[in-house]
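> Return a 3D structure for these sequence lines:
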Amino acid sequence: MATAAETPNSPFPRTFWTANVVELFERAAYYSMASFVVIYLGRLGLGDYWPSNLNGFLWFLVYFLPILSGTIADYVGFRRALLVAFVLLTVGYFLMGYPVWLGGVELLATPSAEVTAGPGVMVPVLLALLLIGIGGSVIKPCISGTVQKTHAGRATLAFAIFYMVINIGSLVGRVVGFSVRNYWSDLSLIFGVAMVAAVLAFFLVLFVYRDTELPAGESKPKKSIGRILLDMVLVLGNLRFALFLLVSSGFWFLYNQVYNVLPLYVKKVVEVSPAMDLYTAANPIVIVVFQLLITKQFGKMQPIRSIVIGTVIIGLSMVVNLIPFMLPGGVRSAGIGIGAIVVPMGSLFIILTVALIAFGELFTSPRTYEWIGALAPKGQEGLFLGYANLPMAIGSLVGGPVGAFIFNDIMCKNATKTPEGLFELDSAAATRGWLILMTIGFLSALSMWLYNRWLKSHPAPSVA
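Residues are numbered from 1 along each chain as shown. All right, here's what the predicted structure looks like:
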């Protein structure tokens, strides 16, 4: 049985590679539909605000629940937990498509401002989001835990491969989702793609994946739910850590707008049938291409400085969307052609926004874990790292409703409609909206810098 204690020259065991392929299918499933959730829910008749609220809640579940689901997975074993998780995901993706496939609902050509969906839509969608959130939260600790157990003495390389696979799966899911929905001209089929990927992952776990064992003499303590809740009080009671969670959540608030404000803006302002799955593919492409380069060039930079730079980048990524308003023809003027697709100027700058956000993520995400490990009291590094996803959960939960407000009540104020049903934005209102998003990024970066200054003037008490 391969374990993490093997020598650095040992090959990665089969379970390591199996876990990575399982992760590839799971990410392909999730990202085949993620870029269109708010658009799809809007076309189901959930109005201007519920799509973003529910999407933010979904992301919150995926990032918050691993704290609990990881413990359950430790009790029942990763293999059993993964099998249950992929059943939940398959049913969840089916329920997302159910209103169109079997419920007799026709997707609206243009999302309406008011809620017109009845219980036949709301009930399956709410159940779907719960099942996808719970199922997705189980996958994260199981796969990362398998990588930890099977890295064969090469943890850095193992997790680099894992991170690369996540982004390859993300890219594959977006491309396949685009191909299927475009070929059959049916947006709901993205959930069919997600279902197929989840089913393939289920059978891969069933027939190939096997639970790993810790090295002889090692045992991983299993926690009760009560212990987890007490640990949460412990980590959140640490002022240094609680403040870090608060100031770093601003980055993830803006990151969450890739799946809230950006799809709404492109669908309602720029083009009637946007290829959001392809546009947001700029994120995994940038990460796969530039991950090693950024790590090599800036890996020795202090973590807080790197996080501040990443947060400034994500703030700047928002304000670049003002440029198309200054060009002749505006946001819908012809940009470039990609095969049979003509990408308008507004969408081109959305692609640039997503790419810049990915650069911000490269500076921020890996250094966050490093910083939390250094911030934790001696002997509690593992405990604190277990709560490292909380900034993402906070940013997602707030990002849905606030993002919807910024788009609908600020950007679209005084907007008029074109014959195609698109919004013609008032330039002053659009400018305010993008500047507000940029300002959130800059204030978050400033808060992180001030937080670092505060840490230096309030050193942690020494441990006797």
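
> can you pull out the strands in the chain?
Taking DSSP state E to define them, one finds strands in the chain at 334-338, 341-344, 416-417, 423-424.

> Pull the contacting residues for the closest residue to Val261 other than its chain neighbours.
For Val261, the nearest residue in space outside its immediate sequence neighbours is Gly403; the separation is 4.6 Å by Cβ to Cβ, 6 or more residues apart in numbering. Where C-beta positions appear, they are placed from N, C-alpha and C, glycine not excepted. By Cβ atoms under 8 Å, 6 or more residues apart in numbering, the residues touching Gly403 are Ser52, Gly56, Asn256, Gln257, Asn260, Val261.

> what's the spacing between Gly403 and Tyr49?
Separation of Gly403 from Tyr49 (Cβ to Cβ, to the nearest Å): 10 Å.

> repeat for Pro419
From Pro419 across to Tyr49, the span is 26 Å (Cβ to Cβ).

> which of those two has more neighbours?
Neighbours were tallied for Pro419 and for Tyr49 using other Cβ atoms under 10 Å; the higher tally belongs to Tyr49 (18 against 5).

> Surely the more buried one touches Phe407?
No. Under the criterion of Cβ atoms under 8 Å, Tyr49 makes no contact with Phe407, lying 9.8 Å away.

> pLDDT weak spots in the protein?
In the predicted model, the chain carries pLDDT under 70 at residues 1-9, 156, 213-225, 338-340, 379, 381-382, 460-464.

> Domain ranges for it, per the record?
11-209, 238-456 (automatic domain parsing).

> Next up, phi/psi of Pro111, please.
The phi and psi values for Pro111, taken as degrees, to the nearest 10, are phi -60, psi 140.

> Please apply the same query to the one 3 residues further on.
Reported as degrees, to the nearest 10, the phi and psi values for Glu114 are phi -100, psi 160.

> Kindly report the same for the one 4 residues further on.
In terms of degrees, to the nearest 10, the main-chain angles of Gly118 are phi -100, psi -170.

> Next: Tyr387.
The phi/psi pair for Tyr387 (degrees, to the nearest 10) reads phi -110, psi 20.

> is it true that it touches Ile67?
Yes. Taking Cβ under 8 Å as the contact criterion, Tyr387 and Ile67 are neighbours in contact, 6.5 Å apart.

> can you list residues touching both of these two?
When Cβ under 8 Å, 6+ apart defines a contact, the residues bordering Tyr387 and Ile67 alike are Met232.

> And Gly226, how far from Met232?
Summarising the geometry, the distance separating Gly226 from Met232, computed by Cβ to Cβ, is 11 Å.

> ditto for Leu443
In this view, Leu443 and Met232 are 27 Å apart by Cβ to Cβ.

> Measure how buried Arg27 is and give me the count.
Counted with other Cβ under 10 Å, the neighbours of Arg27 add up to 26.

> Give me the nearest residue to Ala128, chain neighbours excluded.
Counting by Cβ to Cβ, 6+ apart, Ala128 lies nearest to Leu95, which is 3.7 Å off, once chain neighbours are set aside.

> and the one you found, how many neighbours?
Using other Cβ under 10 Å, the number of residues around Leu95 comes to 21.

> same thing with Pro401?
Residue neighbour count, defined by other Cβ under 10 Å, stands at 16 for Pro401.

> residues in contact with the nearest residue to it once chain neighbours are set aside?
If the residues on either side of it in the chain are set aside, Pro401 comes closest to Asn53, at 5.1 Å by Cβ to Cβ, 6+ apart. For Asn53, the set of contacting residues under the criterion of Cβ under 8 Å, 6+ apart consists of Gly400, Pro401, Ala404.

> so which of the strands of the chain gets nearest Gly169?
Comparing these by their distance to Gly169 (Cβ to Cβ), the top pick is strand 334-338, with 22.2 Å.

> Relative to Ala128, how far out is Tyr31?
Relative to Ala128, Tyr31 is positioned 16 Å away (criterion: Cβ to Cβ).

> Then Ser32?
Ser32 sits 15 Å away from Ala128, going by Cβ to Cβ.

> More neighbours: these two, which one.
For Ser32 versus Ala128, the count of surrounding residues by other Cβ under 10 Å is larger for Ser32: 31 against 23.

> Next one: the more buried one relative to Arg80, how far apart?
Taking Cβ to Cβ as the measure, Ser32 falls 26 Å from Arg80.

> and what of Lys296?
Look at Lys296 and Arg80: by Cβ to Cβ, they are 40 Å apart.

> State the number of residues packed around Gly395.
Burial of Gly395, expressed as a neighbour count using other Cβ under 10 Å, amounts to 26.

> Could you tell me which residues make contact with it?
Under the criterion of Cβ under 8 Å, 6+ apart, the contact list for Gly395 reads Ser249, Gly250, Phe251, Trp252, Phe253, Leu254, Tyr255, Asn256.

> Burial check on the third one, number of neighbours?
When neighbours are defined as other Cβ under 10 Å, Phe251 has 32 of them.

> mind listing what it touches?
Ile307, Gly310, Thr311, Ile314, Gly360, Thr364, Pro391, Gly395, Gly441, Ser444.

> Mind doing that once more with 6 Å?
Neighbour list for Phe251: Thr311, Ile314, Thr364, Ser444 [criterion: Cβ atoms under 6 Å, 6 or more residues apart in numbering].

> Same check on the second one?
Counting by Cβ under 6 Å, 6+ apart, Gly250 makes contact with Ile440, Ser444.

> Any figure for the gap between it and Val312?
Here the criterion is Cβ to Cβ. By it, Gly250 lies 11 Å from Val312.

> The fifth one too?
Here the criterion is Cβ to Cβ. By it, Phe253 lies 15 Å from Val312.

> Quick check: Ile166 touching Arg27?
Yes. Under the contact definition of Cβ atoms under 6 Å, Ile166 touches Arg27, with a separation of 5.3 Å.

> buried ones in stretch 165-185?
Buried residues in stretch 165-185, defined by neighbour count with 16 or more other Cβ atoms under 10 Å: 165-178, 180-182.

> cool, and stretch 123-135?
Of the residues in stretch 123-135, those buried under the neighbour-count criterion (16+ other Cβ under 10 Å) are Pro124, Val125, Ala128, Leu129, Leu130, Leu131, Ile132, Gly133, Ile134, Gly135.

> How about stretch 274-282?
So stretch 274-282, judged by 16+ other Cβ under 10 Å, has buried residues Pro274, Ala275, Met276, Asp277, Leu278, Tyr279, Thr280, Ala281, Ala282.
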